[in-house]
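Asks: with the input below, show me the fold.
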Amino acid sequence: MIERFYLRDFLSFKEAELEFKKGLVVFTGPSGSGKSILMSSILASLGLDEAKAGLSEASINFPIKLEDIGIEEDDLTIFKQIKKDKVRHFINNQTISKKVLLNLYKTFVRHLSFRDYNDFKNENLLDLIDLFCNDTDAKHLRLIQEYKTRFTELNQLKKELSQIIEEDKKVLELREFAQFEISKIDAISPLENEDEELMQIKKELSKKEKIEEAISRAEELFNYENDISNALELLDINSSFFDDTMNELRAHFEASKERLAELGECNIEEILTRIEQISELKHRYGSVEEALNYKVQRQKELEHYESLEEQKETLFIEIKSIETELLMRAEKISLKRQKALKKIVHSFNDFLKQLYLRPASIKLLKEELCIFGLDRVEVELDGTGLDKVSSGEFNRLRLALLAVKSLQVNEGGILMLDEIDANLSGEESMSVAKVLSHLAKDYQIFVISHQPQLTSQADQHFLISRDKFSQVKVLEDEERVSEIARMISGDKITEEAIRFARGLMEEKCV
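Replies: Sure, this is the predicted structure:
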């Protein structure tokens, strides 16, 4: 509920501060006093209307799940709107966008001033019917959830099947492409690190003749090996270091000559051709390793294409099985809904009768299998579609539906109604008041009224008056009697109007 509302600098209002109670809150006052301005400012603070006030602030005592938008929850949620050069919105002193605010208000505020068909959406009406079904079968809601989970699985399988069918249309082309890509890599059959080895061979071949000539000249050193050893011996120098060096040098030369002999057997043209082929692969795929990985991926694709037909057949069978299962479940759900619907229609028409409306029909029509089952709900007012009824009738239909829902679940929140009793007779106004009093057990309801009947049933009554500026005053007891009497007889209040006002207040709905 809104516990407190503060307004500053908005048209005829210089400043106003109101503290609200639970239940039915009614605003009355002469025409032009500022009732609609006040209601508009309350709506604007919550994001439901265009913000025009310099400052409006509403303190809400209702769980709103602020953590979903990254704001810490508190006992009170403070909605603030400030307008200077531009409009800024805040929740608990944290800036928030208008878009987020609009999404947020839907969780705790209902505004019945325009044709919002949300309450009459098929899924919402079915949810209401399912709540009544759960009265006679405590497992019903769990079965509904199991059905929806299974239907979601069915949709996922259908999506997979659709993808396979689409792939299947292109599979020949895709298979040929994968085979072509694999064959290009296989034609070269690169080995890991082969490019590095080839470049090393190329480098060695380019120096082969120079190396051979250098080794040939250096080997003349071995002709003087004995002379050097004898000289070291005569000098009494241990020649072992020289012997080790010569042996190591001889080993290096021998290994080099063997390598040169191997290189001599290489075909330089083949080497250069191979290097060019590997370079093309690297240019296309980035590296030899990436080319080999790409080949593995294409091979997996080929395996996938070859298994498509088998997968498709398996999915067809599984989908058919689940559809049969869901169809049986949906038929059982429909039967339970049909039984529960009788109770709902009876309660709905009871409330409509109180609201002086013609009887309405709520029918379950068969539809194709969907996540809600096989049912589509159709609501008509005495054979007239919702899109053809008047705005007043539509809003009273919504009230009746909310009242029916309140029989099953304490949804709670805030209900904004503007002038719902406009152009209604006294009896019709009182009937609206009785339904609102019923709803006020769950909702905090704000309404502008010009009718004494509805006003007399208020849990809290505010009078809006205007001299230079608009002012708001909460009325109690005799003040309420006087204001209701004014609504009955005009500015010249008669004793008969006062007696009638007292009588209305004595009929206050419990």
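
Asks: and the helix or strand harbouring residue 209, what does it pack against?
Replies: Per DSSP states H and E, residue 209 falls inside helix 208-218. Applying 3 or more C-beta pairs under 8 Å, 6 or more residues apart in numbering; DSSP states H and E, we find helix 208-218 packed against helix 240-264. Any C-beta I mention is one placed from the backbone N, CA and C, and that applies to glycine too.

Asks: which helix or which strand is home to residue 273?
Replies: Element membership for residue 273 (DSSP H and E) is helix 268-285.

Asks: which parts of that helix are buried?
Replies: 271, 274, 275, 277, 278, 281, 282, 285 (16 or more other C-beta atoms under 10 Å).

Asks: format those residues as CSV; extra columns: pLDDT and distance to residue 379.
Replies: Shown next, in CSV, are these (pLDDT from 0 to 100; distance: C-beta to C-beta, whole Å):
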residue, pLDDT, distance to residue 379
271, 78, 85
274, 80, 79
275, 78, 79
277, 81, 75
278, 81, 74
281, 82, 69
282, 81, 70
285, 82, 64
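
Asks: closest one of those to residue 432?
Replies: Nearest to residue 432 among the buried residues of helix 268-285 is residue 285, at 76.0 Å by C-beta to C-beta.

Asks: related to what we said a few turns ago, give me the distance from the helix holding residue 209 to the chain's centre.
Replies: In terms of C-alpha atoms, centre = their mean, to the nearest Å, the centre of helix 208-218 is set 77 Å apart from its chain centre.

Asks: ok, back up a step: ok, and what's touching the helix holding residue 273?
Replies: Helix 268-285 is contacted from outside by 185, 188, 190, 194-195, 198-199, 201-202, 205, 288, 291, 294, using C-beta atoms under 8 Å, 6 or more residues apart in numbering.

Asks: over to stretch 328-335?
Replies: Identification of contacts with stretch 328-335 by C-beta under 8 Å, 6+ apart yields 143, 144, 147, 150, 364, 366, 369, 373, 374, 375.

Asks: can I get that stretch in CSV, CA atoms only?
Replies: Provided in CSV are the C-alpha atoms of stretch 328-335 (Å, rounded to 0.1, in the frame of the first residue of the first chain):
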residue,chain,number,x,y,z
MET,A,328,-4.3,-37.1,-23.2
ARG,A,329,-3.2,-34.8,-20.4
ALA,A,330,-4.7,-31.8,-22.0
GLU,A,331,-8.1,-33.6,-22.4
LYS,A,332,-8.1,-34.4,-18.7
ILE,A,333,-7.2,-30.8,-17.8
SER,A,334,-10.0,-29.5,-20.1
LEU,A,335,-12.5,-31.7,-18.3
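
Asks: how about it: buried residues?
Replies: Within stretch 328-335, judged by 16+ other C-beta under 10 Å, the buried ones are 329, 330, 333.

Asks: right, and the helix or strand after whichever helix or strand the first one is part of?
Replies: Secondary structure from DSSP H and E places residue 329 in helix 288-354. As assigned by DSSP H and E, the chain's next helix or strand after helix 288-354 is strand 360-370.

Asks: given that next one, what are its sheet partners and their directions?
Replies: Strand partners for strand 360-370, identified by DSSP bridges, are recorded as strand 373-381 (antiparallel).

Asks: could you pull out the buried residues of the helix or strand hosting residue 127?
Replies: Element membership for residue 127 (DSSP H and E) is helix 122-136. Residues of helix 122-136 classed as buried: 125, 126, 128, 129, 130, 131, 132, 133, 134 (neighbour count, 16+ other C-beta under 10 Å).

Asks: what's the closest of those residues to residue 429?
Replies: Lowest distance from residue 429 to the buried residues of helix 122-136 (C-beta to C-beta) belongs to residue 128, with 26.9 Å.

Asks: residue contacts, that closest one?
Replies: For residue 128, the contacting residues are 344, 401, 404, 405, 408, by C-beta under 8 Å, 6+ apart.

Asks: from the residues you listed, which one has the minimum pLDDT?
Replies: Model confidence across the contacts of residue 128 bottoms out at residue 408, which has 83.

Asks: got the phi/psi numbers for that residue?
Replies: Residue 408 adopts backbone torsions of phi -110, psi -30, taken as degrees, to the nearest 10.

Asks: can you get me a residue count around it?
Replies: By the criterion of other C-beta atoms under 10 Å, residue 408 has 15 neighbours.
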